[in-house]
Each structure stands twice: as structure tokens, then as C-alpha cells.
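In: sequence first, then the predicted structure:
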Number of protein chains: 2
Amino acid sequence: MNIEVAPAYREELIAAGLLIPLGSDGLYARSGVFEAILEAIDALAVRMGADHGAEVLRLPPGMSRGAFEATGYMRSFPQLAGTVHCFCGDEQAHRELIRTLDCHGDWTEGQAASDIVLTPAACYPVYPIVARRGPLPADGHAVDVMSYCFRHEPSRDPARMQMFRMHEFVCMGSAAQAQAFRATWVARGQEMAEALRLPYRIEVANDPFFGRAGRLLATSQVEQALKLELLIPVTSGAAPTACMSFNYHQDKFGETWGLRCADGSVAHTACVGFGLERLTLALLRHHGFQPAHWPDCVRAMLRI
Amino acid sequence: MNIEVAPAYREELIAAGLLIPLGSDGLYARSGVFEAILEAIDALAVRMGADHGAEVLRLPPGMSRGAFEATGYMRSFPQLAGTVHCFCGDEQAHRELIRTLDCHGDWTEGQAASDIVLTPAACYPVYPIVARRGPLPADGHAVDVMSYCFRHEPSRDPARMQMFRMHEFVCMGSAAQAQAFRATWVARGQEMAEALRLPYRIEVANDPFFGRAGRLLATSQVEQALKLELLIPVTSGAAPTACMSFNYHQDKFGETWGLRCADGSVAHTACVGFGLERLTLALLRHHGFQPAHWPDCVRAMLRI
């Protein structure tokens, strides 16, 4: 939960035409200026990870329900998921649906779950793809993945969108490889923030596990420092926004998907995630709404 | 419906790693090669429409349910829509959900409709955005919009994805302006196909209206030639694939959203849509899987 939101900043972004509300909290159209910044950050992330020689995967905003179920997401974060439902009726059912529409009734009751779920994190669909191929190479495998993600957390905070893009680099290999990968990116993330002249701090964090039982999982995640975040003040100084996250999953996804190292051991995985809309908002917040007036070093870094 | 599909072509695309199945028909990850082609087509479309001075809007894959309902989509194409549903229960409901998961039962029954619906066509969210601003300028208004779209039509035909990107130019203005815009793009679409050395034909088409009542609407649409398509053989020579469409909506969206011309009359609208995945598949089909070996003129046109 946000401790504090800054409605003024939201209104400024909207007045400047950078974000256009779509009639549902956390859902916005992006202007050409906004998108050009976002694409520049996206390209910068790709350049910073070029040494991985990573496999590039670009994903649609949904994944199969089977793969989603296997991630255990509904056990930990049921409140955030979005399942896709469809009309599967015949012509009579359609006539009833139209009558419901005519009476402004709830026509969604007849919708049935399809086998698609909106992707909650860009890396989730990646593990089964790689696991299907057999054991990993001896030096592990890296993937460069980008996806629109969905989180059901309607908010007026423009840095908390329901639909947003996440660019990730994912490492799969031994525990040592995964940990080294993460350490590399914690350093690179800070270099990136400094080069972009953005104030930041790194913090140990936890995912928003659901309910009382979830609190124990969150505490354990913090105690083991499995999740680090790079926070930048965007809509609030008191509650800065997580713009990058650096995650060590241990063998969770390796176990789930039967992902093996070359020596037959269960693979460990790690990922770094860039919140592309959040980084865009951070740049706009700290350097102003006109990229042409941003510091030369920032423009040079972004090649804009 | 496809008369004929070409499973061999699908398997070739998968074997080449260009598309990676995600476990649900019509849902694929894209490789870096696939994506680079798609981005080149996207950029070409932007260059071809540069003279419009169009407003750039980039959309998330979902729109608000209110705006979706107003389009009348559930009346005409209920079978294609995707509503987003979420878990809104408490901890006890979550414990029940986990029990259902443990028994491999249908846990989606407890999901409740959110106020987000997946966007079925890139231009749908655009009309209310522009209408809110008041009457159009005297020379109308053009929008350059791109969005992931969803259509619930699971298929093994790789040219019929459930989640795909559509780039559109939209014209809002008088009937004459909308019709002239469409005529311009029917010509430009053919120029584009010729420059890309793709075989094509232009045909009058209809949208896939639902049921028997829908057949009348389809017939009327064809009789008035409101929808033209540029078809390219991709997975089948007998049933070529619609890779671009050129639509004249008359005053349908103008009426729906109260979109007015400068003189107070109801605006007419038209749009051209580029199916980005389909055009990518068409290029791969006709020029081979290695863009480095494509004809020089095609590479020059795409700047790859």
C-alpha cells in the first residue's frame, strides 16, 4: 500500500498530455513523448546487458493458465492476478446478454474462464520455455525478456499502474551463477541511476504476499534478502517507488519446472526487472516534462 | 474461419525459433529476429503516415469496461471479447481457493469481473479520448495508435493469434475527410505491399459478426463496402490472410461518443490497421527466415 500519494503530480502529467486516463484507475494511454522516453530506457537496459549474450524473448500480455497455476501465484498473490474470461454461449445466450446490456445489468456473469491469464511478471513464462529444452549449458543461460504485465491494484498513483511494461534479464544456472548475476545487476542498476542523475537508494524488500500467512513469507523473504529494490522518489519523497528489482529465487523455479543444470542439479535463478513506466516517470519527475531540456549527460546516456 | 491451415508452416516457424508456443493455441513468445522485423514494419507504417502530423498514442492491452460497453462490441462480437476477472475475497475465501487448487478443481469460479476488458482493436479507446476535448478542428484530427489486442479465437494458424499488435492511423472529421483518408491508405497499403515484394489483393470484407442476426450486419457491411482488406497468402494460398484493413465507420463512433466536427455535425471516422505480426509472418513466408538474405530493396524499405 502507498503511504502517501501525490494527486498533484498525476494531474500535472495528465495536463501535460503525457498520460491520458482511460477511465479505470491505473490505466492510461501514453503520449508520443512518454513513449519515446520509455523506449530509450528500454534500449539502455538492453545495452547494459549486452555482455550476457542473452536470448531475446518478447511476450504477449498473457500466458497459459497451466503455466500460471504452476507458478503458485494464486497461493501467494491472489489479489493481483487477472484471468481472461470469454463468452462461450449460443445465440439464445447472446440474446439474454443483450437484454442484460439493455437493462444496464451485469452481463459479465455469463463470462467463462479462458485458458489465458494476464502475465504478472515478465519472467514467469520464460522458465518453462527454457526447461523444455533440457539441461542448461555449463555456463548457464540468460534471457532478455519484455512484457506488458498486469497487477490488479487500482490506484490514483501514476507510478502504480495496473498495466505496465517490465524489462527483465533472467539468469538460470548454479546458485553461484545466479547470485553473481544478481550482484552484477545491483551494481549496474546503481550505475544506471547515477548516469541518469536520479536520486535512489537500495533496500531489502518483500513481495506483497496475501493475508496473515503471507506475512510469514514476506518476513522470510526479507530475512534472506531474496529481493532488493532500487527506489526513486517519484510521487512521494516519504514512500519512494521501486523502479528496479533484483531477485534471487533460489531453486523455486528450477524445482517447479524441472529446470536442471548441466551436472543434473536443480537450477537456481535470478532476475533483474526494470519498471519501464516507473523509470520514465522518475526521469520526468526529476528532469522536467521536456526531454529537450534535460541535462546533456542524461540525454547522451539515453541517446535522445 | 480459416478454410485451410498450414500446420507445416507453424512447425517451421517454431523449429526456427521465431515463435515459441506458450501452451495455449494462438499464444506465442517472439524471438529477437521476429521482433526486429515487426519493429521495422511498425516504423515503416509511422513513416508512411508522417504527413498526417498525427497525435501519437500508445495503449496498454486493456480498456475500461465502460468504454468497451459503449462500443457495442458485446452485441456484435461477443465470442471474441476478453474480460479481466480478479480475486476479491478474504482470507477464508483464499483458503478455499487453495483447497480447490490442491484438488485440481476450477479455482476460476470465484473470480469476479474487474472494470478492465482487453482491447479488441487499437482504435477503440481513442474515440472517447478525443471526444472529451470538444469539437474537432476544421481539418479534422488524425491519431497514430498502437496496442496489443485480444481476440478469443484459439487457432493453430500462426497468422491467427489471440494476442497480437495492431498499428492504426485514425481519421476523425467530415464524411468527405474520412473517405478521402481511407482512399489514401488503400493506395498506400498497396504501395507498401509492392515495395515489400509481397503478393496481395484488395477485397471487400466483413467483420465476424455473431450469429444469424450478425449475418445481416455482415451483408450490409459488404454491400456498403465499409471494410476493405489487403490480403496476403501466409499460411494458405486459398485463404490469404488480412494483413491490413481499411475501414469507414460512417458516423458510428461519432454518434457513440458525441464526437463533433467544428461545424457541430456528427463526426465521421475511418481507420487503417496494420496487423504487425501478420505482416511479419508474410515477410518471413515470402522472403525466408533470414532477413539478411532478403532482397536489398525490401531491406532498404524496412531499414534493416
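Out: Received the coordinates, thanks. Numbers count the residues shown, from 1 in each chain, chains lettered A, B, ... in the order given.
In: does stretch A:141-153 come close to chain B?
Out: Yes. Stretch A:141-153 is in contact with chain B by Cβ under 8 Å from any Cβ of the partner chain, via A:144, A:148, A:150, A:152. In short, each C-beta sits where N, CA and C put it, glycine included.
In: compare these and tell me which is most surrounded.
Out: Neighbour counts for the residues of stretch A:141-153 next to chain B (other Cβ atoms under 10 Å in any protein chain shown) peak at residue A:150, which has 30 neighbours.
In: that one contacts residue A:119, doesn't it?
Out: Yes. Contact between residue A:150 and residue A:119 holds when scored by Cβ atoms under 8 Å: they sit 6.8 Å apart.
In: mutual contacts of those two, please.
Out: residue A:61 (Cβ atoms under 8 Å, 6 or more residues apart in numbering or on different chains).
In: which one among the residues of stretch A:141-153 next to chain B gets closest to chain B?
Out: Closest approach between these and chain B, by Cβ to the nearest Cβ: residue A:152, at 4.4 Å.
In: which non-adjacent residue is nearest the closest one?
Out: Nearest non-adjacent residue to residue A:152, counting by Cβ to Cβ, 6 or more residues apart in numbering or on different chains: residue B:86, 4.4 Å away.
In: what of residue A:164?
Out: Closest to residue A:164 by Cβ to Cβ, 6+ apart is residue A:277, at 4.5 Å.
In: just to be sure, the one you found is in a helix?
Out: Yes. The assignment for residue A:277 is a helix, going by DSSP: H, G, I helix; E, B strand; the rest coil.
In: contacting residues for it?
Out: By Cβ under 8 Å, 6+ apart, the neighbours of residue A:277 are A:30, A:38, A:159, A:161, A:164-165.
In: gap between it and residue A:68?
Out: Separation of residue A:277 from residue A:68 (Cβ to Cβ, to the nearest Å): 23 Å.
In: correct me, but residue A:159 touches residue A:281?
Out: Yes. If you go by Cβ under 8 Å, residue A:159 and residue A:281 touch, sitting 5.4 Å apart.
In: report how many residues lie close to residue A:55.
Out: 18.
In: not counting residues beside it along the chain, what's closest to it?
Out: Residue A:55's closest residue in space is residue A:143 (Cβ to Cβ, 6+ apart), at 5.0 Å.
In: so the one you found makes contact with residue A:54?
Out: Yes. Using Cβ under 8 Å, residue A:143 is in contact with residue A:54, at 5.6 Å.
In: looking at the two, which is more packed in?
Out: With neighbours defined as other Cβ under 10 Å, residue A:143 and residue A:54 compare such that residue A:143 has more, 23 against 19.
In: beta partners of that one?
Out: When assigned by DSSP bridges, residue A:143 has beta-bridge partners residue A:55, residue A:170.
In: where do the strands of chain A begin and end?
Out: Remark: strands assigned in chain A by DSSP state E are A:19-21, A:28-31, A:55-58, A:62-64, A:83-86, A:112-118, A:141-150, A:163-173, A:201-204, A:227-232, A:241-248, A:268-275.
In: measure residue A:258 to residue A:211 for me?
Out: Using Cβ to Cβ, residue A:258 is found at 29 Å from residue A:211.
In: let me fix that: residue A:113
Out: Applying Cβ to Cβ, the value for residue A:113 to residue A:211 is 23 Å.
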